[in-house]
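# sequence and predicted structure, then a few things I'm wondering about:
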Amino acid sequence: MITHHLNDQLLMAYSAGTLPEAFNLVVATHISLCDECRARLASFDAVGGALIEDERPTVEMGSDALSTTMARIKAGGMQARDDRPPRTRDPVLPAPLRAYVGGGVDSINWRPVGGGVKQAILPTSEHASARLLFIPAGAAVPDHGHSGLELTLVLQGAFADSEDRFARGDIEIADEDLHHQPIAEPGLDCICLAATDAPLKFRGLLPRLAQPFLQI
Ligand code: ZN
Ligand code: ZN
């Protein structure tokens, strides 16, 4: 059961077609797994561009950081939406992702980034970056903060940080206010789709040195 969903700002921007490609991909993938957000999206689609055109949106902004980021997202450019039903199935990758990977989970071109963690950077436009992350069961992602917006969608397994637990379909929306260290649960290796519009801020020296290599 999905317990962490998209917020109104993301659904509105997706509906208006103004998200950078990387965020667009995360939203489309969550919606493909989540009936609740698909229904909320339908209501935003019905309203059309009216809400997003309004100078003062009626939804409450979560924080200055998020609203600033969303303003940048609005300027990010149009992305075509593809709501067509999937033609093939994969146990891990929903349809919107398979087009980027060129197949199912077996087609992912993983690159090791240390500690058993692997990543595959997906080809998206320059406004934000998207990657698939493989975190071995029980392993941790380096402790880090965020200078922009980071969306993380769980595709397999689960991870937890000091705040909460996230399993398949759950989306974590992180901004400048969140400093966290996600740890994959024991049992099943964790595979996530992550998108960010700014480099992550790592606390330790080694992760900072590795940052250019990680391309995040
Ligand atoms: Zn949802
Ligand atoms: Zn993060």
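Yep, it's here. Ligands and ions are numbered 1, 2, ... in the order given.
# ligand 2 contacts on this structure?
Within the chain, the positions near ligand 2 by C-beta under 5 Å from the ion are 150, 174. In short, each C-beta sits where N, CA and C put it, glycine included.
# hey, where'd the strands end up in the chain?
111-114, 117-122, 129-135, 144-146, 150-156, 158-160, 165-167, 171-174, 183-184, 190-196, 200-202 (DSSP state E).
# hey, least reliable of those strands by pLDDT?
Here these differ in mean pLDDT, and the lowest is strand 200-202 at a mean of 58.
# so which of the strands of the chain is nearest ligand 1?
With C-beta to the ion as the measure, strand 171-174 is the member of those nearest ligand 1 (7.0 Å).
# okay, now the sheet partners of that closest one, with direction.
Strand pairing for strand 171-174, using DSSP bridges, gives strand 150-156 (antiparallel).
# before we move on, back to that, output the strands of the chain in TSV; the columns should cover mean neighbour count.
As requested, the strands of the chain are exported to TSV (neighbours: other C-beta atoms under 10 Å):
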stretch	mean neighbour count
strand 111-114	14
strand 117-122	19
strand 129-135	23
strand 144-146	20
strand 150-156	23
strand 158-160	20
strand 165-167	18
strand 171-174	21
strand 183-184	22
strand 190-196	25
strand 200-202	18
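# in TSV: these, plus distance to ligand 1.
TSV is the format used below for the strands of the chain (distance: least, C-beta to the ion, whole Å):
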stretch	distance to ligand 1
strand 111-114	29
strand 117-122	21
strand 129-135	18
strand 144-146	21
strand 150-156	10
strand 158-160	16
strand 165-167	12
strand 171-174	7
strand 183-184	22
strand 190-196	14
strand 200-202	24
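# columns distance to N24 on top of the ones you listed, output as a markdown table?
Formatted as a markdown table, those follow (distance: least, C-beta to C-beta, whole Å):
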| stretch | distance to N24 |
| --- | --- |
| strand 111-114 | 23 |
| strand 117-122 | 12 |
| strand 129-135 | 9 |
| strand 144-146 | 19 |
| strand 150-156 | 10 |
| strand 158-160 | 23 |
| strand 165-167 | 20 |
| strand 171-174 | 14 |
| strand 183-184 | 26 |
| strand 190-196 | 9 |
| strand 200-202 | 20 |
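# thank you kindly, that will do.
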